[in-house]
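Asker: Please find the sequence and the predicted model below.
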Amino acid sequence: MIKIKMSVEMKEIIEIGKKLKEEGLTYSVFGNISVRVDNFLIITKTGTVLSELKKEDLIKLPIFEKTDKDKFASVELPLHREIYKKTKARAIVHSHPIFSVIMSILCKEKYVPLDYETKRFLKEVPIVEGESGSHELALKVAEALSNVNAVIIRGHGVFATGENLKEAFFYTCMLEHSCKISYFVKLIGK
């Protein structure tokens with residue numbers, strides 16, 4: 001049996017999957033991760049547990065065309081493809097951080113950070129609505145991410161992009177930290 005060597009991109013996806021769980025940014029099988037490699041993307045398969053990813057839980061697919069293997073990828077594959085088509089993103093992290101989801105319900109069209117650090121890096125974070133896995137949502141999220149590195153889907157979760165997975169993870173962490181601050185500020189009535 002010939003063993004295929006795991007790529008650097010696959011190792012990074014596995015590492016970020018563990019970090020998302022460790023930081024409490026997702027739970028169970030919720031969320032997905034991808035990286036762009038030329039005109040392809042490597043994405044987590046549907047139903048995978050991000051904190052326990054293995055090479056077999058990842059699939060490489062073309063960005064610009066559909067294939068028979070698409071059914072094995074995350075339900076958010078159309079969204080990842082659209083982001084890669086419409087932005088300069090090289091990596092995408094989709095997670096379900098609780099405070100970001102809460103703020104997406106409390107805020108109207110955008111989340112405006114209260115803390116200095118997040119304002120400096122993310123400024124304002126668009127909040128979009130749509131059905132998970134839908135073409136309509138893919139278009140909305142890709143459009144929003146053409147100007148920023150993070151977007152929140154109302155009541156659902158965060159899509160963060162970057163030049164690499166560490167950068168996308170950084171924006172995910174930063175946004176969740178900021179939303180936690182805003183939540184407690186609202187809670188005490190300031």
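Answerer: Perfect, I can see it now.

Asker: Quick one: the strands in this protein, in order.
Answerer: 32-37, 40-44, 58-62, 91-95, 110-111, 125-128, 150-153, 157-162 (DSSP state E).

Asker: Strand partners (parallel or antiparallel) of the fifth one?
Answerer: Translated: strand 110-111. The sheet places strand 110-111 alongside strand 125-128 (antiparallel), with pairing taken from DSSP bridges.

Asker: now could you export just the CA positions of the partner strand as CSV?
Answerer: This file holds the C-alpha atoms of strand 125-128, laid out as CSV (Å, rounded to 0.1, in the frame of the first residue of the first chain):
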residue,chain,number,x,y,z
VAL,A,125,-18.3,43.5,10.9
PRO,A,126,-21.3,43.0,8.6
ILE,A,127,-24.1,40.8,9.7
VAL,A,128,-25.9,38.9,6.9
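
Asker: which residues make contact with that strand from outside it?
Answerer: If you take Cβ atoms under 8 Å, 6 or more residues apart in numbering as the criterion, strand 125-128 is touched by 104, 107-113, 137, 140-141, 144, 148, 150-154, 175. All C-beta atoms are positioned from the backbone trio N, CA, C, and that covers glycine.

Asker: Of the strands of the chain, flag the one that's most buried.
Answerer: Among those, the stretch with the highest mean neighbour count (mean count of other Cβ atoms under 10 Å) is strand 91-95, at a mean of 28.

Asker: what pairs with the residue most central in space within the chain across the strands?
Answerer: The central residue of the chain, meaning the one whose C-alpha is nearest the mean C-alpha position (Cα atoms, centre = their mean), is His94 at 2.1 Å. Per DSSP bridges, residues listed as beta-bridge partners of His94: Asn32, Phe159.
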